[in-house]
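Student: Dropping a prediction and its sequence here:
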Amino acid sequence: MQEPLDYNKQFNELIEACMCNKRDAQYKLYKLLSAKMFGVCLRYAKDNTEAEDILQEGFVKVFNNLDKFRGDGSFEGWVRRIMVNTSIEHYRKNNKMYSIVNVEQVYDASIADDENVDLEVEDIMKLIQDLSPGYRTVFNMYVVEGYSHKEIAEQLGISEGTSKSQLARARYLLMEMLEKANQIKIQKSVAK
């Protein structure tokens, strides 16, 4: 009878081999995590090419800092954090200006009922990618990653008010885009 594989042991051995700069181990680790981490990078990038650049830069950091992984949490979580931080660094390097909108203006605007929105996840992800870099980054950090406005402000070098404003505007724009996309989808189905 074959003994069940110890995945943690194999994973730890793979990490140790990567720390010894064994290229085949680095490739295996990359293949194991790259698809999931690409999804993380894509949430912050304007397109696939930019996401691929961020992914590559992130994996370079992973391999250069493997000795800093303490094993307190999951290795995948540690890699994910590096990818998020690399995405944020990429954003800070490439986007210096913020479009500021008063939060009250956004909340006072009428927002469509989301019950009528019937879009696929890919459609919604595309709409998020269509947001400007500032809105997209704050939206992802707050909604997806769970950062507080204070943490976002510190990471991006902006005020908490700007973070709140960027999030409110991103939500408003997304609702507008969702409503428009849903209307187009309804029109196409009626035309059939």
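Tutor: Great, that's in hand. Numbering: from 1, shown residues only.
Student: Point me to the helix or strand that includes the closest residue to residue 61 other than its chain neighbours.
Tutor: Distances taken as C-beta to C-beta, 6 or more residues apart in numbering place residue 82 nearest to residue 61, at 5.3 Å, with adjacent residues excluded. C-beta here means a position set from N, CA and C on the backbone, and glycine is covered the same way. Using DSSP states H and E, the secondary-structure element containing residue 82 is helix 75-94.
Student: So what touches that helix?
Tutor: Outside helix 75-94, the residues that touch it by C-beta atoms under 8 Å, 6 or more residues apart in numbering are 11, 15, 33, 36-37, 40-41, 43-45, 50, 53-55, 57-58, 61-62, 65, 69, 133, 137, 141, 145, 155-157.
Student: isn't residue 26 right up against residue 62?
Tutor: No: because the distance of 9.2 Å does not satisfy C-beta atoms under 8 Å, residue 26 is recorded as not touching residue 62.
Student: Where does pLDDT dip in this structure?
Tutor: Within the chain, the segments meeting pLDDT under 70 span 1-8, 95-119, 192.
Student: The closest residue to residue 57 other than its chain neighbours: neighbour count?
Tutor: Take residue 57 and drop its neighbours on the chain: the residue closest to it by C-beta to C-beta, 6+ apart is residue 86, 5.4 Å away. The number of residues packed near residue 86 is 24, by other C-beta atoms under 10 Å.
Student: For residue 86, give its distance to residue 160.
Tutor: Counting by C-beta to C-beta, to the nearest Å, the gap from residue 86 to residue 160 is 24 Å.
Student: With residue 181 instead?
Tutor: 31 Å.
Student: The two: which is more packed in?
Tutor: For residue 181 versus residue 160, the count of surrounding residues by other C-beta under 10 Å is larger for residue 181: 17 against 14.
Student: Which parts of this protein are helices?
Tutor: 7-19, 23-44, 48-64, 75-94, 103-108, 121-130, 133-139, 149-156, 160-191 (DSSP state H).
Student: Buried deepest among those helices, which one?
Tutor: With neighbours taken as mean count of other C-beta atoms under 10 Å, these reach their highest mean count in helix 133-139, at a mean of 23.
Student: Report all helices and strands that it contacts.
Tutor: Judged by 3 or more C-beta pairs under 8 Å, 6 or more residues apart in numbering; DSSP states H and E, the packing partners of helix 133-139 are helix 23-44, helix 75-94, helix 121-130, helix 149-156, helix 160-191.
Student: same thing but 7 Å
Tutor: Counting contacts by 3 or more C-beta pairs under 7 Å, 6 or more residues apart in numbering; DSSP states H and E, the secondary-structure elements packed against helix 133-139 are helix 75-94, helix 121-130, helix 160-191.
Student: Which one, of the ones you listed, ends up nearest to residue 22?
Tutor: Comparison of those against residue 22 by C-beta to C-beta identifies helix 75-94 as nearest, at 16.7 Å.
Student: and the angle for the closest one with helix 149-156?
Tutor: Using axes from the mean of the first three to the mean of the last three C-alpha atoms, to 10 degrees, one finds that helix 75-94 and helix 149-156 are set 60 degrees apart in direction.
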